[in-house]
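In: Sequence plus the predicted model coming up.
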Amino acid sequence: MNNDEIMQHYHPERYRKGRPVIRQLEKQMPNMGFELVTREVFEHVQEVLSLQYNEDISLVPRDDRPESTHVLMSDFSMAMHYLAFVGAGRNIFHFGEGLTQAFRRTDVADFAIGEIVLPYPTVYLSFGVQADLEPFGDGAKIDGAYITDNSGHSIQILLTTRGQPSDKPWFNRWEKYYYLSLSKADLSLSVEEASEAALKGEIKQSLDGVAKHEAKAAEMGIVSRAHQTAIDRVDEYQRAFPVFMESMKLVINGLAYLTHYRDDIEKRWVDGTPPSMIEKISRATTYKAKQRATSKLLSMGYNIVNLCGMEFEKTSEAHGVGSEMSAHWRRGHWRIQPHGPGRTLRKRVWIMPVLVRSDLELKAGHIYLADN
């Protein structure tokens with residue numbers, strides 16, 4: 001894998017590389033008082049992206065320009081989630097293939113929305129390309145998720161996709177994503193119930209918004225296609241919802257792993273980071289020098305990645321969890337276990353999925369214990 005491929009592995013890296021204007025917004029963030037939901041910040045992002053969009057399309061022949069502003073409108077939201085990720089410390093959590101396959105085989109139906117805990121206000125979870133999770137039928141597969149705790153009001157989940165590499169300019173390259181905001185108004189709701197409610201809310205918002213737009217267009221004597229566009233979007237979201245729910249096994253299991261198995265996380269610079277610059281950080285004798293060297297690497301697009309599941313990989317080899325194909329998998333789940341003084345506290349313990357094969361002796365589900 002060459003450096004260009006390495007830099008494309010995680011969505012935050014390839015998004016930054018494909019949107020040069022994002023670097024400008026990153027530099028402005030310390031002066032923006034950044035929070036994801038502030039109208040002031042959103043309007044500023046809209047203005048900067050719109051100016052760049054108009055400038056860039058003016059440089060290409062009219063026939064090569066976008067037929068609609070779908071890419072720009074989509075990018076407003078993506079930029080906000082990316083900048084929230086940057087503002088929260090650029091925390092990428094990488095889950096390897098064995099762990100993600102175990103997550104896909106672990107039920108999360110009994111998780112309540114109130115149990116979702118993030119280690120930082122915004123994180124990016126990387127699961128690798130999931131070959132069977134194609135939400136929009138365009139060949140792009142789910143490969144990760146930006147997750148934001150919006151000041152305790154909601155959990156915002158944006159699933160990223162990865163398709164075939166393209167040399168199209170950014171304004172002609174629509175990288176679709178699936179986004180839902182799960183309300184925390186009722187913390188007892190299951191993740192499934194909260195997701196279904198979020199989908200209904202997203203549909204209502206789309207249709208209500210288009211009704212207002214069409215009313216204004218009618219007053220001005222303009223024929224609007226907004227209604228059909230909204231109907232198409234609603235239909236697309238409904239059809240892709242099962243993929244979202246399957247992806248939630250990755251998201252919820254991933255966040256539960258970060259909460260209950262913190263000792264199984266190792267920080268590293270992404271593969272391909274110049275060794276000489278990493279060494280410069282390790283040799284720095286002052287905090288300021290270390291920060292300066294770290295900032296230099298971050299400005300070049302390199303990130304520190306939290307590798308999750310090193311101990312799990314060792315454990316799974318001994319208990320038949322991972323990529324081996326078989327006739328039957330016994331699904332995993334998260335058990336609520338008493339602990340602490342007088343066993344009055346509660347924590348989740350992962351009962352991993354187990355391989356059951358007719359040619360092997362039946363294995364009991366392995367309890368993967370945490371030391372926290």
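Out: Yep, that arrived. Numbers count the residues shown, from 1 in each chain.
In: Would you indicate which residues of the lengthiest helix in the chain are buried?
Out: Longest helix in the chain by number of residues, with DSSP state H as the criterion: helix 226-260. When burial is assessed from 16 or more other Cβ atoms under 10 Å, helix 226-260 yields the following buried residues: 226, 230, 233-234, 237, 240-241, 243-244, 247-260. All C-beta atoms are positioned from the backbone trio N, CA, C, and that covers glycine.
In: C-terminal to it, what's the next element?
Out: strand 265-269 (DSSP states H and E).
In: tell me how far the helix or strand just after that following strand is from the chain's mean position?
Out: Downstream of strand 265-269, the first helix or strand assigned by DSSP H and E is helix 275-283. Mean-position distance between helix 275-283 and its chain equals 29 Å (Cα atoms, centre = their mean, to the nearest Å).
In: And the strands in the stretch 1-150 of the chain?
Out: In the stretch 1-150 of the chain, the segments counted as strands under DSSP state E, counting those that start in this stretch are 92-95, 122-126, 141-150.
In: Which among these is found nearest to residue 200?
Out: strand 141-150 (18.6 Å; Cβ to Cβ).
In: now the angle from that closest one to strand 122-126?
Out: Our comparison of strand 141-150 with strand 122-126, counting by axes from the mean of the first three to the mean of the last three Cα atoms, to 10 degrees, yields an angle of 160 degrees.
In: shaky segments in the stretch 151-300 of the chain?
Out: In the predicted model, the stretch 151-300 of the chain carries pLDDT under 70 at residues 209-228.
In: show me what contacts the closest residue to residue 64 other than its chain neighbours?
Out: Excluding its sequence neighbours, the residue lying closest to residue 64 (Cβ to Cβ, 6 or more residues apart in numbering) is residue 172, at 7.6 Å. Residue 172 makes contacts with 64, 66, 71, as judged by Cβ atoms under 8 Å, 6 or more residues apart in numbering.
In: Mark which of these are part of helices, please.
Out: Cross-referencing the contacts of residue 172 with the helices (criterion: DSSP H) gives residue 71 as the overlap.
In: Turn the contacts of residue 172 into JSON lines, including distance to residue 55 and pLDDT.
Out: Output for the contacts of residue 172, formatted as JSON lines (distance: Cβ to Cβ, whole Å; pLDDT from 0 to 100):
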{"residue": "64", "distance to residue 55": "15", "pLDDT": "87"}
{"residue": "66", "distance to residue 55": "14", "pLDDT": "84"}
{"residue": "71", "distance to residue 55": "15", "pLDDT": "84"}
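In: Count the neighbours of the closest residue to residue 190 other than its chain neighbours for me.
Out: In space, and not counting its chain neighbours, residue 190 is closest to residue 112: 6.1 Å by Cβ to Cβ, 6+ apart. When neighbours are defined as other Cβ atoms under 10 Å, residue 112 has 14 of them.
In: Residue 112 contacts residue 191, correct?
Out: Yes. Contact criterion Cβ atoms under 8 Å: residue 112 and residue 191 qualify, at 7.5 Å.
In: how close does residue 195 get to residue 124?
Out: Taking Cβ to Cβ, to the nearest Å as the criterion, residue 195 is separated from residue 124 by 20 Å.
In: Spit out the contact partners of residue 18.
Out: By Cβ under 8 Å, 6+ apart, the contact set of residue 18 is 170, 173.
In: contacting residues for the most centrally placed residue in the chain?
Out: Central residue check for the chain by Cα atoms, centre = their mean: the C-alpha nearest the mean position is that of residue 145, 1.2 Å away. Shown here is residue 145, whose contacts under the criterion Cβ under 8 Å, 6+ apart are 124-125, 127, 157-160, 247, 250-251.
In: before we move on, what about residue 330?
Out: With contact set as Cβ under 8 Å, 6+ apart, residue 330 has these partners: 353-356, 365.
In: Can you list which of the residues you listed are found in strands?
Out: Secondary structure defined by DSSP state E assigns 354-356 of those to strands.
In: Would you write a ChimeraX line that selects the buried entries of those residues?
Out: Here is the ChimeraX command that picks out the buried ones among the ones in strands among the contacts of residue 330, judged by 16+ other Cβ under 10 Å:
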select :354,355
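In: export the ones in strands among the contacts of residue 330 to TSV and tack on pLDDT?
Out: What follows is the ones in strands among the contacts of residue 330, written out as TSV (pLDDT from 0 to 100):
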residue	pLDDT
354	77
355	70
356	71
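In: Next, format the ones in strands among the contacts of residue 330 as CSV and append distance to residue 85.
Out: What follows is the ones in strands among the contacts of residue 330, written out as CSV (distance: Cβ to Cβ, whole Å):
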residue, distance to residue 85
354, 35
355, 36
356, 40
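In: Just give me the closest of the ones in strands among the contacts of residue 330 to residue 180.
Out: Looking across the ones in strands among the contacts of residue 330 and measuring by Cβ to Cβ, the closest to residue 180 is residue 354, at 31.5 Å.
In: Pretty sure residue 329 is one of the things that closest one touches, is it not?
Out: Yes. Judged on Cβ under 8 Å, residue 354 makes contact with residue 329 at a distance of 7.3 Å.
In: Which ChimeraX command selects the buried ones in the contacts of residue 172?
Out: Provided next is the ChimeraX selection string for whichever of the contacts of residue 172 are buried by 16+ other Cβ under 10 Å:
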select :66,71
